[in-house]
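Undergrad: fold the following for me, if possible:
(one chain, ligands or ions: 1)
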Amino acid sequence: MADGEAPNWQSTLSDLLSQDKWPEDLSHIVDKLSQNIALSLEDGKYLFDYRNLDIIGHLAAIVKRARFENKVFFNVNVHINQTNICTLACKFCAFRRGRRAEDAYQMEVEDYIEDLRKYSEHVDEVHSVGGLHPEWGIEHYADLFSKTRKEFPHVHIKALTAVEVKHVAKLSGLSIHDTLARLKDSGLGSLPGGGAEILDDEVREVICRGKESSEEYLEIHRTAHRLGIPTNCTMLYGTIESIEHRVMHMIKLRELQNETSGFQCFVPYPFLPDDSRLPDAQLATGTEVLRVIAISRLMLNNIPHIKAYRMNLGDEISELALQFGADDIDGTVQKESIMHLAGSTAPLDHDKAKLAKIVSNSGSIPIQRNTTYSSFVEFVPPTIPERRSLRMAVGD
Ligand code: SF4
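TA: As a prediction, the model looks like this:
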């Protein structure tokens, strides 16, 4: 049982589901959920096609409620993107720069520590991802993490996506296993899970050619889990993928979780088309975002937490996502670059009170957690926040 879950939540779920009258054409899904049977590819596609989103959302909310009651989790972190210089050029990416670009940057170890020092009293996690720097191998990151851990022992280091791990391993002539083991010894606490995009190699060839393959993404996470490094997993949707690709993506993550139980949280986020290079992509509608959150909750019966990524969704949709099956919200960051450059207008100076207000507006209780979901404290929001919106296409 994952930390934070209600005891015997599966039998609670059966009870809760039996108290509602469900439409006949959803009974096969409800029956499976009631018996904790994993939904199939066909079930997932059916849910994406199902006309009544409110019912899907209600179903997902019940699963969330059985598992976590009316709690919603968050932690207090800061995002520091160590460099935007990248040897790849993924088509959806508005963040990366070539080395000679005017606004290319790289934070040396001391710059990074200096930056973190500004926030370290207020955060318990630093979340760091960045470009594939052509020269930063294992020595650089081992030095970065060990100095960070030494200076800020209370700050959990959640850093490096799978492709960054692959890049560091390759530059350093090490296996993935040895790279992760060395990084763990240096202070790396967990992997954030970015870079999964869509786990289908034909889609990846178009949107992120040269990045790790689907199997490599899974293998890097498998290796991390076996080394005792927990990870998150993500899905970037709304580029060129089909509904089947989305459902298969979830199934692949679920299958790895059956093997390792190392995923803590699934974070689905829509592609924000501004300023990047996939002209055919459409900005996700609010209803599409909510449907993906709800279906994630229903498909991923073995990944405990589903996160509403506020920097990407905005306040209003995040609040609704918490009523459509999400139990976790990210967004107490004081700075973040990647989503901002890709079109997000969510404020960059969030604090706990604003985030907690979103949680309480959704009818839930905000619970501050640590990165690994092993310590929990109820948070009482003291003030009413200013609300801001993310531009979102109007949908059906
Ligand atoms: S998504 Fe990551 S790997 Fe791809 S271009 Fe951007 S920074 Fe580089």
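Undergrad: surely residue 268 meets residue 290?
TA: No - taking C-beta atoms under 8 Å as the definition, residue 268 is not a contact partner of residue 290, at 10.8 Å. Where C-beta positions appear, they are placed from N, C-alpha and C, glycine not excepted.
Undergrad: I'd like to know how many residues surround residue 279.
TA: 7 (other C-beta atoms under 10 Å).
Undergrad: please list all residues in contact with it.
TA: With contacts defined as C-beta atoms under 8 Å, 6 or more residues apart in numbering, residue 279 has no neighbours.
Undergrad: phi, psi of it?
TA: Torsion angles at residue 279 (phi, psi; degrees, to the nearest 10) stand at phi -60, psi -20.
Undergrad: quick one: contacts for residue 244?
TA: Contacts for residue 244 (C-beta under 8 Å, 6+ apart) come out as 41, 45.
Undergrad: is it located within a helix, as I assumed?
TA: Yes - under DSSP: H, G, I helix; E, B strand; the rest coil, residue 244 sits within a helix.
Undergrad: element containing the closest residue to residue 71 other than its chain neighbours?
TA: Nearest residue to residue 71, sequence neighbours excluded (C-beta to C-beta, 6 or more residues apart in numbering): residue 367, at 4.8 Å. In the assignment (DSSP states H and E), residue 367 maps to strand 365-369.
Undergrad: partner strands of that strand, with direction?
TA: The strands that strand 365-369 pairs with in its sheet are strand 71-74 (parallel), strand 376-378 (antiparallel) (by DSSP bridges).
Undergrad: from those strands, which stretch is densest packed?
TA: Compared across the strands paired with strand 365-369, strand 71-74 shows the largest average neighbour count, a mean of 23 (mean count of other C-beta atoms under 10 Å).
Undergrad: send the alpha carbons of that one over as PDB?
TA: Once non-C-alpha atoms are left out, strand 71-74 reads as follows in PDB (Å, rounded to 0.1, in the frame of the first residue of the first chain):
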ATOM      1  CA  LYS A  71      -7.100  14.800   0.800                       C
ATOM      2  CA  VAL A  72      -5.000  16.500  -1.900                       C
ATOM      3  CA  PHE A  73      -1.200  16.400  -1.600                       C
ATOM      4  CA  PHE A  74       1.400  19.000  -2.500                       C
END
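Undergrad: what mean pLDDT does it get?
TA: In this model, strand 71-74 carries a mean pLDDT of 96.
Undergrad: now swap in stretch 311-327 and tell me
TA: The model assigns stretch 311-327 a mean pLDDT of 94.
Undergrad: cool, and stretch 44-55?
TA: The average pLDDT within stretch 44-55 is 97.
Undergrad: can you check stretch 167-181 too?
TA: Stretch 167-181 shows a mean pLDDT of 98 in the predicted model.
Undergrad: so what's the gap between the strand holding residue 367 and the chain middle?
TA: Using C-alpha atoms, centre = their mean, to the nearest Å, the mean C-alpha position of strand 365-369 is found 17 Å from that of the whole chain.
Undergrad: likewise stretch 119-136?
TA: Relative to its chain's centre, stretch 119-136 lies at 16 Å (C-alpha atoms, centre = their mean).
Undergrad: put the alpha carbons of that stretch into CSV.
TA: C-alpha atoms of stretch 119-136 as CSV (Å, rounded to 0.1, in the frame of the first residue of the first chain):
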residue,chain,number,x,y,z
TYR,A,119,14.8,29.5,-1.6
SER,A,120,16.3,26.8,0.6
GLU,A,121,14.6,28.0,3.8
HIS,A,122,11.2,27.6,2.2
VAL,A,123,11.5,24.4,0.2
ASP,A,124,12.1,20.8,0.9
GLU,A,125,12.8,19.8,-2.7
VAL,A,126,14.7,21.1,-5.7
HIS,A,127,13.4,19.9,-9.1
SER,A,128,16.1,20.2,-11.7
VAL,A,129,15.9,19.3,-15.4
GLY,A,130,17.6,20.9,-18.3
GLY,A,131,19.1,20.5,-21.8
LEU,A,132,21.7,17.9,-22.8
HIS,A,133,24.8,19.9,-22.2
PRO,A,134,27.6,18.7,-24.5
GLU,A,135,30.2,18.6,-21.8
TRP,A,136,28.4,17.8,-18.5
